[in-house]
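Colleague: pasted the sequence and its predicted model underneath.
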Amino acid sequence: MQIIPVIDVLGGTAVRAIRGERSRYRALESQLCSGSDPVDAARALLDYCGASVLYVADLDGIMHGAPQLDLLVRLAGALPGIELWLDAGFADPHAASALLASLRECGTRSDIASGTPSASRNAPITPVFGSESLQPGAMTHLPADALLSLDRRHDAPLGDPRCWTDTSHWPARLIVMTLERVGSFDGPALDAIAEVSERAGQRQIIGAGGIRHADDLQAAATSGATAWLVASALHERRIPAAS
């Protein structure tokens, strides 16, 4: 089971998730780092997991349609060799392409100012398309290698319900996001993983929410997940550090 650490950022600060209720999120307190600087938190998570992928939830983008451009550029520049999976509330593939173009432009300007070539600094960024943010019908235009997050809360699909039912347009990688379990320590929603896995064919299933300890990750693998997004259990050291 691959652990993919998660950082939630709001107003330039790393925040701690509480059952996916974003109005309750507060500045991060972690056993892995001091303070709530996003770069410090990201490095601590990656070091603890030995991970090469970091999931970034830009809550300003998701909730208000205003991605934190400067912060995203700083994260990408500070994490060479790390792939960033970015959910910034993309309504469609065009919105993702536009933001990535802006990030490249801002990153290039920053590199020119610092005298460091962009290619040596910036982390690759892969957009995550959340069903809660996608415009109706936009899933049909996703590239085959896209990351689609099937978002739900209390068993109710968020956004266009066809994202959950129209398997013919599912891309190769699916995230099953159970929001009320994010930051909850209630255990993973294994029923949702199993249900999606039955219909997903050879697609990769990535779970999110509820992990309490290493045994949960083993159970999730049995249900069909190959990777899991984790934050709170890492900050509290409920999962052993990578050896």
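Modeller: Looks like it came in fine. In this text, all values refer to a predicted model and were calculated from it rather than measured experimentally.

Colleague: ranges for the strands of this structure?
Modeller: Ranges of strands in the chain, per DSSP state E, are 2-10, 13-16, 26-27, 53-58, 83-87, 125-130, 147-153, 156-157, 173-178, 204-208, 227-230.

Colleague: what about residue 199, neighbour count?
Modeller: Here the number of neighbours of residue 199 (other CB atoms under 10 Å) works out to 12. In short, each C-beta sits where N, CA and C put it, glycine included.

Colleague: got TSV for the strands of the chain, with distance to residue 137 and mean pLDDT too?
Modeller: As requested, the strands of the chain are exported to TSV (distance: least, CB to CB, whole Å; pLDDT from 0 to 100):
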stretch	distance to residue 137	mean pLDDT
strand 2-10	28	97
strand 13-16	32	94
strand 26-27	36	92
strand 53-58	24	97
strand 83-87	19	97
strand 125-130	13	96
strand 147-153	14	96
strand 156-157	15	94
strand 173-178	18	96
strand 204-208	24	97
strand 227-230	26	98
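
Colleague: quick one: the most centrally placed residue in the chain and residue 17, what's the gap?
Modeller: Most central in the chain under CA atoms, centre = their mean is residue 55, positioned 3.4 Å from the mean C-alpha point. Per CB to CB, to the nearest Å, residue 55 is found 12 Å from residue 17.

Colleague: again with residue 236
Modeller: Distance of residue 236 to residue 17, given as CB to CB: 13 Å.

Colleague: which one's more surrounded, those two?
Modeller: The neighbour comparison of residue 236 against residue 17 (other CB under 10 Å) goes to residue 17, with 23 against 14.

Colleague: show me what contacts residue 33?
Modeller: By CB atoms under 8 Å, 6 or more residues apart in numbering, the residues touching residue 33 are 40-41, 43-44.

Colleague: and the furthest pair within the residues you listed?
Modeller: Farthest-apart pair in the contacts of residue 33 is 41 and 43; separation 7.4 Å (CB to CB).

Colleague: ok, those two, which is more surrounded?
Modeller: Neighbour count, other CB under 10 Å: between residue 41 and residue 43, residue 41 has more, with 26 against 18.

Colleague: neighbours of the closest residue to that one other than its chain neighbours, how many?
Modeller: Nearest residue to residue 41 in three dimensions, chain neighbours excluded: residue 14, at 4.2 Å (CB to CB, 6 or more residues apart in numbering). Close neighbours of residue 14, defined as other CB under 10 Å, add up to 27.

Colleague: and what of residue 141?
Modeller: The tally of other residues near residue 141 (other CB under 10 Å) stands at 14.

Colleague: pLDDT score for it?
Modeller: For residue 141, the model assigns a pLDDT of 95.

Colleague: ok, residue 119 next?
Modeller: pLDDT recorded at residue 119 is 42.

Colleague: which residues touch residue 92?
Modeller: Residue 92 makes contact with 134-135, 138, 141, according to CB under 8 Å, 6+ apart.
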